[in-house]
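> Sequence and predicted structure, then a few things I'm wondering about:
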Amino acid sequence: MSADHSTDYEIDSDLARMDLDRVHRWLSTDAFWALGRTRATVETAARNSLNFGVFTSEGTQVAYARVATDHATFGWLCDVYVDRDHRGRGLGTRLSEAVVATLRPMGLKRVLLSTLDAHKVYARVGFVPMPDPEKLMILDQSGS
């Protein structure tokens, strides 16, 4: 692999190109927010979202992100994952840049994400801490 990894990968948003078996394996076994997620759930989420994949020159998918959006007012960037063997090459940033470049022309009023430890990656592409986080609420799914 060359020292300049930027040309070794391409980003595509064609759902047909996404390796959902691989994405399922990543999310359900290695992504703390999606551990145990079923293959059917991964596919349903993908079919109802904008999808982004990073691919090697050989066509192997090595990263994934999706955006749940209404294409008019709101988007939620989620399920961002870079294969462990391809981390440290700026792919998370490149993937985030591609997502933002796709979303900006839509004129969405709000695009959110949640991250435990990748704040710097997302800050590079324009994400900032949520103003007035006390306004946000989440539906309690515990059933109580």
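Arrived safely, thanks for sending.
> Run through the helices of the chain in chain order.
20-30, 39-47, 91-103, 119-123 (DSSP state H).
> pLDDT below threshold where in the protein?
Flagging of the chain using pLDDT under 70 yields the residue ranges 1-7, 144.
> For my notes, please list the helices of the chain in JSON lines and give distance to Leu136 and mean neighbour count for each entry.
Using the backbone N, CA and C atoms, a C-beta is placed for each residue, glycine as well. JSON lines is the format used below for these (distance: least, Cβ to Cβ, whole Å; neighbours: other Cβ atoms under 10 Å):
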{"stretch": "helix 20-30", "distance to Leu136": "24", "mean neighbour count": "17"}
{"stretch": "helix 39-47", "distance to Leu136": "21", "mean neighbour count": "15"}
{"stretch": "helix 91-103", "distance to Leu136": "20", "mean neighbour count": "19"}
{"stretch": "helix 119-123", "distance to Leu136": "17", "mean neighbour count": "14"}
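> Now tabulate those helices in a markdown table and tack on distance to Asp140.
Compiled in a markdown table, those are given as follows (distance: least, Cβ to Cβ, whole Å):
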| stretch | distance to Asp140 |
| --- | --- |
| helix 20-30 | 23 |
| helix 39-47 | 20 |
| helix 91-103 | 29 |
| helix 119-123 | 26 |
